[in-house]
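**Student:** A predicted structure for the sequence below; I have some questions about it.
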Amino acid sequence: MVETSRRREIEDAASSLFRERGYSGTSVRDIARAVDIQGASLYAHVASKQDVLWSIVERVATRFEAAADLVEAADPGAVVFGPGVQLISLVRAHVGVLTDDIERASVFVHEWRALDAGRREAMSRRRDAYEARFRSAIRTGVETDAFAPVDPALTATYILTALNGLVGWYDPKGRLSAKTIADAYADLSVRAVQHPAGGRP
């Protein structure tokens, strides 16, 4: 329990520092100072700064995947509820993960490319597989004429880029609640794929 608590404390401190200074601008000594231990003692809990980054990024990736799994379990293949509902649910789930732990989410969005080659490649595959869920929902909507004939890959990239921009400005103590943002972003995402005015409703 002590080890788990200390490891969590280190990751919390590292997330804050990586978000503020970037991975390359943060030293092991900075992290150790933030948790009030000697630099050398940090290695009793983590293998390296790279190990801390991987742990943060992998944890967030797993949360995104689990959230999307829940959406797909509730809306299998978007057959019963429709692609619009599936896209809305995916957007809401994504916003939920981002806003639940904005510092780790920021590290995931901005610093994953600082992973070593092997881990970066593995994370790139996971990110692509996750984005494919959005592409699939959009493609289904296009094929069933529920959505305008948009490009699924381009539109998914557009939506996710907009969503991930949250890490640059979201404040848990700000005027907009996570739910308000999720509602607004879900609405905007659907507007991006709906038929133009005067076309199919």
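**Tutor:** Okay, I see it.
**Student:** the helices in the chain, which residues?
**Tutor:** 2-21, 28-34, 39-42, 49-74, 83-100, 102-111, 117-143, 152-164, 178-193 (DSSP state H).
**Student:** wait, which of those is closest to Asp171?
**Tutor:** helix 102-111 (8.0 Å; Cβ to Cβ). Every C-beta, even on glycine, is put in place using the N, C-alpha and C of the backbone.
**Student:** what about the closest one, distance to the chain center?
**Tutor:** 8 Å (Cα atoms, centre = their mean, to the nearest Å).
**Student:** sorry, back to before: dump the helices of the chain to a markdown table, plus mean pLDDT and mean neighbour count.
**Tutor:** A markdown table is the format used below for the helices of the chain (pLDDT from 0 to 100; neighbours: other Cβ atoms under 10 Å):
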| stretch | mean pLDDT | mean neighbour count |
| --- | --- | --- |
| helix 2-21 | 85 | 17 |
| helix 28-34 | 89 | 17 |
| helix 39-42 | 64 | 14 |
| helix 49-74 | 94 | 18 |
| helix 83-100 | 93 | 22 |
| helix 102-111 | 96 | 22 |
| helix 117-143 | 96 | 17 |
| helix 152-164 | 98 | 18 |
| helix 178-193 | 95 | 17 |
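**Student:** can I get the ones you listed in CSV with distance to Tyr170?
**Tutor:** Putting the helices of the chain into CSV (distance: least, Cβ to Cβ, whole Å) gives the following:
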stretch, distance to Tyr170
helix 2-21, 12
helix 28-34, 22
helix 39-42, 29
helix 49-74, 14
helix 83-100, 6
helix 102-111, 5
helix 117-143, 20
helix 152-164, 11
helix 178-193, 7
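**Student:** how long is stretch 140-149 from one end to the other?
**Tutor:** 11 Å (Cα to Cα, to the nearest Å).
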